[in-house]
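Q: only geometry, no sequence info:
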Ligand SMILES: NC(=O)C1=CN([C@@H]2O[C@H](COP(=O)(O)OP(=O)(O)OC[C@H]3O[C@@H](n4cnc5c(N)ncnc54)[C@H](O)[C@@H]3O)[C@@H](O)[C@H]2O)C=CC1
Ligand SMILES: O=C([O-])CC(=O)C(=O)O
């Protein structure tokens, strides 16, 4: 049988969805179908055609189409869900829960019917609870339902460390675990620059300032933009995750995974380090945590669990 390009559907053709589609094309990761709701079909087709017309200049081969019909997404290898509303200044991500749970549920019902073998990446906020919503609706195995938070949160944290030391971002390594909220947990002890622990390079008060800025990094962008939330770094994060799966790279990345005992949590979706490869989440990597780190993660887990409870009580899933 002829070898075919991979098919990637991006649901939600707004700021994050359109940027993700373009970045996927730039990396020539597959053919892309951009999906939005009915009244927005023409702008969605327009965005897709505009991107397609960039491919000769960029020098990549990919089909990029826009649609409002899930028939066009049939048998996708990866589906990326960015559908939903974004917060505005003064709102928390959790304020989006009711609206976005309904949207994510309806999107997942369509995906379940049209792409039953897909790996599904979720971005819509509040993303830990939306990953739960997707998992419940899709009924797919847990390795194929993966939320995005930690790649972005870690990227922000690493950006600030690189800025502080005036070194290449390529040499900075770190991990941010927990829920995608202001009590997320950047793990200072597991952060280094070219293998050198950051605690040996940056004074404690400056590390604390970096940790705090990373925790509220999404809100910083929301305040600056004034009418929406971040999309360049979120899109880059989704593409890194999609690439890890499509190329079976077995990257170790922080992702929102379904936990069944790992780190001491049960039946909870939350950000943890995992091996991401051709079979999605292939393994959650458990780290040894100090009592202080575990207490911070417990607090973040409790916040996530309370939003998941809101979803459970509001939707019949
Ligand atoms: N997990 C994370 O790290 C991040 C999450 N987000 C979240 O991603 C979501 C999208 O953000 P943006 O792209 O900036 O918003 P946006 O408003 O630019 O785009 C959202 C798109 O979803 C579409 N949509 C709504 N209902 C739909 C449905 N049923 N089917 C298909 N499409 C539908 C809208 O028409 C709109 O085009 C928000 O919930 C935001 O909070 C954004 C950045 C980072
Ligand atoms: O802050 C928001 O609402 C969007 C988001 O999740 C992020 O940029 O981290």
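A: Perfect, thanks for sending it. Keep in mind that what you see is a predicted model, and the values were worked out from it rather than measured. Ligands and ions are numbered 1, 2, ... in the order given.
Q: Spatially nearest residue to residue 179, not counting backbone neighbours?
A: residue 304 (3.9 Å; Cβ to Cβ, 6 or more residues apart in numbering). No exception for glycine: its C-beta is placed from N, CA and C like everyone else's.
Q: quick one: the one you found and residue 272 touch, right?
A: No. Counting by Cβ atoms under 8 Å, residue 304 stays clear of residue 272, with 11.6 Å between them.
Q: So for the two, which sits in the more crowded spot?
A: Shown here are residue 304 and residue 272; by other Cβ atoms under 10 Å, residue 304 has more neighbours (28 against 25).
Q: Helix or strand for that one, just tell me which one.
A: helix 291-314 (DSSP states H and E).
Q: anything in that helix sitting right up against ligand 1?
A: No. Helix 291-314 stays clear of ligand 1 (Cβ under 6 Å from any ligand atom), getting no nearer than 12.6 Å.
Q: same thing with stretch 18-28?
A: No. Judged by Cβ under 6 Å from any ligand atom, stretch 18-28 and ligand 1 are separated, with a smallest distance of 7.8 Å.
Q: one step back: tell me the contacts of the residue nearest to residue 179?
A: 128-129, 178-179, 181, 268-270 (Cβ atoms under 8 Å, 6 or more residues apart in numbering).
Q: Stretch 101-108: which residues count as buried?
A: 101, 103-105, 107-108 (16 or more other Cβ atoms under 10 Å).
Q: For the residue in the chain positioned nearest to ligand 2, give me its contacts.
A: Per Cβ to the nearest ligand atom, residue 218 is where the chain lies closest to ligand 2, at 2.4 Å. Under the criterion of Cβ under 8 Å, 6+ apart, the neighbours of residue 218 are 93, 180, 229-230.
Q: could you pick out which of the residues you listed are near ligand 2?
A: 93, 180, 229-230.
Q: now that we have the residues you listed, which one has the most neighbours?
A: Going by other Cβ under 10 Å, residue 180 tops the ones next to ligand 2 among the contacts of residue 218 with 28 neighbours.
Q: can you confirm that one is in a strand?
A: No. Using DSSP: H, G, I helix; E, B strand; the rest coil, the assignment for residue 180 is coil, not a strand.
Q: Go ahead and confirm it touches residue 124.
A: No. Using Cβ under 8 Å, residue 180 is not in contact with residue 124, being 11.0 Å away.
Q: Need the residues that contact stretch 32-49.
A: 7-14, 17-18, 21, 24-25, 51, 62-68, 70, 72-73, 76, 83.
Q: Flag every residue of the stretch 151-300 of the chain that's near ligand 1.
A: So far as Cβ under 6 Å from any ligand atom goes, the stretch 151-300 of the chain lies against ligand 1 at 152, 180, 228-231, 234.
Q: Pick the one among those closest to residue 114.
A: For these, the closest approach to residue 114 (Cβ to Cβ) belongs to residue 234, at 24.7 Å.
Q: what's downstream of the strand or helix carrying the closest one, the next helix or strand?
A: According to DSSP H and E, residue 234 maps onto helix 232-246. With elements assigned by DSSP H and E, the helix or strand that comes after helix 232-246 is strand 251-260.
Q: and that next one, what's its mean pLDDT?
A: Averaging pLDDT along strand 251-260 yields 98.
Q: Repeat that for stretch 203-221.
A: Mean predicted confidence for stretch 203-221 is 98.
Q: start at 769 instead
A: Understood, numbering begins at 769; the last thing we discussed is stretch 971-989.
Q: and that stretch, which residues are buried?
A: 975, 978-979, 982-983, 985-987, 989.
Q: go on, stretch 848-868?
A: Those would be 848-855, 860-862, 864-865, 868, for stretch 848-868 by 16+ other Cβ under 10 Å.
Q: do stretch 939-950 as well
A: 940, 942-949.
Q: Flag the least confident of these.
A: For the buried residues of stretch 939-950, the pLDDT minimum is residue 943, 91.
Q: what's the burial count for the closest residue to that residue other than its chain neighbours?
A: In space, and not counting its chain neighbours, residue 943 is closest to residue 955: 4.7 Å by Cβ to Cβ, 6+ apart. Residue 955 is flanked by 22 other residues according to other Cβ under 10 Å.
Q: Please report the distance of residue 955 from ligand 1.
A: Applying Cβ to the nearest ligand atom, to the nearest Å, the value for residue 955 to ligand 1 is 18 Å.
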